[in-house]
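Participant: Got a predicted structure here, sequence first:
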Amino acid sequence: MERRAYITLDRLEKMTTDELKAGWARRYAAPAPNLSPELLRLGLAYRLQEQRLGGVSRSTKSLLRELAAQPKEGERKGPPPRKLTVGTRLVRDWHGVGHTVTVQENGFEYDGRNWRSLTAIAKAISGSHCSGPGFFGLTDPQR
């Protein structure tokens with residue numbers, strides 16, 4: 001039977017990559033990720049301290065999640081605006097009628113007129129308020 005050496009913070013510096021990966025698998029109950037030996041050492045050191053001293057409290061985890069969800073100052077919530085190249089044509093079929101919008105320098109051209117936003121065009125086509133980028137398929141359907 002193979003004898004496993006007990007891992008200590010001091011011993012981590014002397015461990016080979018294979019030993020670090022084996023230690024990772026034991027401590028995390030999962031195969032070691034493809035990381036450098038130094039990052040494996042850091043991950044194992046954290047895990048050893050977490051098991052010995054306790055991990056992050058539930059209230060701290062909750063606070064961290066809450067802070068991570070808040071937009072930073074000057075940051076937009078949601079995906080960044082999509083940049084459309086001048087001359088791009090957006091095509092949408094609505095109730096059997098094809099609609100083509102051309103991206104211009106300062107807006108959009110549709111039906112022989114200049115428009116400031118895709119949302120205004122989508123409203124003119126559909127008759128109801130909806131997201132212009134969504135109407136023309138520019139947003140992530142998973143969101």
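Facilitator: Everything's here; your move.
Participant: Check which residues of stretch 63-73 are buried.
Facilitator: Residues of stretch 63-73 classed as buried: none (neighbour count, 16 or more other CB atoms under 10 Å). Yep, even glycine has a C-beta here, placed from its N, CA and C like the rest.
Participant: And stretch 130-143, by the same measure?
Facilitator: In stretch 130-143, counting by 16+ other CB under 10 Å, buried: 132-133, 135-136.
Participant: Taking these together, which two end up most distant?
Facilitator: 133 and 135 (7.3 Å; CB to CB).
Participant: quick one: average confidence on stretch 15-33?
Facilitator: Averaging pLDDT along stretch 15-33 yields 94.
Participant: go on, stretch 106-116?
Facilitator: Mean predicted confidence for stretch 106-116 is 93.
Participant: Also stretch 119-129?
Facilitator: Mean predicted lDDT for stretch 119-129 stands at 93.
Participant: any common contacting residues for residue 133 and residue 135?
Facilitator: Both residue 133 and residue 135 are in contact with 118-119, where contact means CB atoms under 8 Å, 6 or more residues apart in numbering.
Participant: Just the buried residues of stretch 130-143: which are in helices?
Facilitator: 132-133, 135 (DSSP state H).
Participant: Make TSV from the residues you listed and add pLDDT and distance to residue 40 to it.
Facilitator: TSV is the format used below for those (pLDDT from 0 to 100; distance: CB to CB, whole Å):
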residue	pLDDT	distance to residue 40
132	89	49
133	88	43
135	91	49
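Participant: Among those, which one sits closest to residue 39?
Facilitator: Once CB to CB is applied, the member of those that ends up nearest residue 39 is residue 133, at 39.4 Å.
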